[in-house]
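Undergrad: Structure, please.
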Amino acid sequence: MRSNLQNQVAYHWEKLSELSRPGEALDPYNAPTATINNPSWFDSDGATPERREVHKHIRSEWLGKKPNVGHDKIAIIMIGPPGSGKSTLLDPVLAERGLNRDHVRIIDADEFKGALLDQALLDGSFESFIKPQAIKDLEAHGEQFFPLELASLVHEESSQLADAARFEAIAAGENIVIDAVMSNPRSAADLARTLDHAGYSIHVVAIEVPYEVSANSARMRWEKGYLQGLSGENPQGGRWVPEDYIRKVFTPDNGLTGPQMSLQEFADCPAVVQIDIYQRGFPGAPPGHTLTSRMNRATPETPITAIDLATLDRPLTTPTHDPHPMLSNQSTTNRPQIANNTSARHHQAPSAHTRQVGR
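TA: Residues are numbered from 1 along each chain as shown. This next block holds a predicted model:
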């Protein structure tokens with residue numbers, strides 16, 4: 001039997017799910033109160049001068065947090081679905097490469113979502129524009145919502161800020177970390193070309209998790225923030241990620257998901273010097289992130305090739321606090337090969353255990 005608090009959490013989750021459906025109040029693209037739909041902030045030419053000043057202020061504060069970023073033109077691309085543990089894995093990934101968070105510019109649209117919501121709370125636009133009437137109606141009946149639950153309404157604007165920040169960091173030759181789901185392979189190809197032309201060395205770290213682990217992790221992260229919001233510990237609440245969005249990330253196209261196709265695009269880029277693939281939450285796996293494949297490229301002219309993990313002088317599993325049980329009914333057989341032949345890659349059959357390039 002569920003407690004009153006458990007019932008409250010379940011009810012709130014259902015309401016957020018309903019409001020996140022296409023055409024509803026939290027639809028990130030079509031909601032009337034999404035920030036990109038405010039005519040005072042955006043017009044046919046993009047952000048208005050007033051809104052550009054807000055962006056300038058947010059980016060300035062963001063840049064000021066990291067005054068000692070290195071300029072070695074190293075890019076680390078963290079790829080994985082929501083709840084895969086990209087942020088958790090980042091510290092050991094950086095440490096293995098002789099880096100730390102103080103010396104890299106971490107570009108994550110979620111950080112800009114928080115900054116945009118903070119600004120909206122400060123200037124009053126959170127209540128006067130962003131918060132939908134549907135949520136105000138629910139609040140009038142006692143339901144409590146928190147800013148990060150409305151993050152979808154700043155989704156598109158936060159992506160624009162992240163794109164601008166990435167452009168500026170690359171132009172300056174800064175060491176960067178790009179934290180993204182990377183579900184659009186065309187965007188991945190564009191990013192790879194941009195970094196290649198700018199003279200970067202690219203390290204790709206991809207994390208694979210089953211759908212159930214991704215959805216459960218995202219929900220538990222939201223629930224923790226929601227409960228902290230109710231207690232007053234965290235006034236921003238928990239970041240809401242609609243389950244329908246997560247499901248789309250895992251929907252295959254020609255046998256591959258969006259992040260898997262993006263990984264192929266990076267494998268084809270001569271500037272990519274290393275690709276690591278980690279797994280978390282699969283049957284029989286230890287808690288944490290387990291390195292299941294590493295591929296290196298010796299020179300831009302040579303193909304990227306898999307190495308024998310037994311030769312690595314490091315543990316293959318990075319222990320992390322993982323509250324989610326391993327899945328017992330998931331198959332790992334639907335795993336793609338990475339092919340070096342671009343013209344053939346859309347016809348690759350998934351492989352259970354082999355990933356190699358330039359076969």
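
Undergrad: Give me the distance from stretch 279-293 to the chain's centre.
TA: 19 Å (C-alpha atoms, centre = their mean, to the nearest Å).

Undergrad: What is the end-to-end distance of it?
TA: Stretch 279-293 has an end-to-end distance of 9 Å (C-alpha to C-alpha, to the nearest Å).

Undergrad: Same question for it: list its buried residues.
TA: Across stretch 279-293, burial judged by 16 or more other C-beta atoms under 10 Å covers Gln279, Arg280, Gly281, Phe282, Ala285, Pro287, Gly288, His289, Thr290, Leu291, Thr292, Ser293. Bear in mind the C-beta positions are built from the backbone N, C-alpha and C, glycine included.

Undergrad: Assess the claim that Ala120 and Phe126 are in contact.
TA: Yes - with contact defined as C-beta atoms under 8 Å, Ala120 reaches Phe126; the gap is 3.8 Å.

Undergrad: Between the two, tell me which one has more neighbours.
TA: Comparing Ala120 with Phe126 by other C-beta atoms under 10 Å, the one with more neighbours is Ala120, at 22 against 19.

Undergrad: how about the helix or strand where that one lies: buried residues?
TA: Here Ala120, judged by DSSP states H and E, is contained in helix 109-123. By 16+ other C-beta under 10 Å, the buried positions in helix 109-123 come out as Ala109, Asp110, Glu111, Phe112, Lys113, Gly114, Ala115, Leu116, Leu117, Gln119, Ala120.

Undergrad: now Tyr211: how far from Ser84?
TA: Remark: distance between Tyr211 and Ser84 (C-beta to C-beta, to the nearest Å) = 11 Å.

Undergrad: Give me the more crowded residue out of these two.
TA: Just comparing Tyr211 and Ser84: by other C-beta under 10 Å the higher neighbour count belongs to Ser84, 27 against 18.

Undergrad: A helix includes the more buried one, no?
TA: No - the assignment for Ser84 by DSSP: H, G, I helix; E, B strand; the rest coil gives coil, which leaves it out of any helix.

Undergrad: any idea whether the closest residue to it other than its chain neighbours is helix, strand or coil?
TA: Nearest non-adjacent residue to Ser84, counting by C-beta to C-beta, 6 or more residues apart in numbering: Ile207, 4.2 Å away. Assigned with three-state DSSP, Ile207 falls in the strand class.

Undergrad: And the pLDDT for Ile207?
TA: Looking at Ile207, its pLDDT stands at 97.

Undergrad: Please report phi then psi for Ala134.
TA: Per-residue torsions, Ala134: phi -60, psi -40 (degrees, to the nearest 10).

Undergrad: one step back: check the contact lists of Ala120 and Phe126 and give me the overlap.
TA: Taking C-beta atoms under 8 Å, 6 or more residues apart in numbering as the criterion, Ala120 and Phe126 both touch Pro147.

Undergrad: mind listing the strands for the stretch 101-250 of the chain?
TA: With DSSP state E, counting those that start in this stretch as the criterion, the stretch 101-250 of the chain has strands at 105-107, 176-180, 201-208.

Undergrad: so which of the ones you listed comes closest to Glu168?
TA: Glu168 sits nearest to strand 105-107 of all the strands of the stretch 101-250 of the chain, at 9.1 Å, using C-beta to C-beta.

Undergrad: The closest one pairs with which strands, parallel or anti?
TA: Here strand 105-107 has these sheet partners by DSSP bridges: strand 176-180 (parallel).

Undergrad: Can you list the low-confidence ranges for the stretch 201-350 of the chain?
TA: 320-350 (pLDDT under 70).

Undergrad: Just the C-alphas of stretch 244-254, formatted as CSV.
TA: The C-alpha trace of stretch 244-254 is given here as CSV (Å, rounded to 0.1, in the frame of the first residue of the first chain):
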residue,chain,number,x,y,z
ASP,A,244,8.1,10.0,-24.6
TYR,A,245,11.3,11.9,-25.4
ILE,A,246,13.4,9.2,-23.9
ARG,A,247,11.5,6.6,-25.8
LYS,A,248,12.2,8.4,-29.1
VAL,A,249,15.9,8.3,-28.3
PHE,A,250,15.7,4.5,-28.2
THR,A,251,13.6,4.2,-31.4
PRO,A,252,15.8,2.6,-34.0
ASP,A,253,16.1,3.8,-37.6
ASN,A,254,17.4,1.1,-39.9
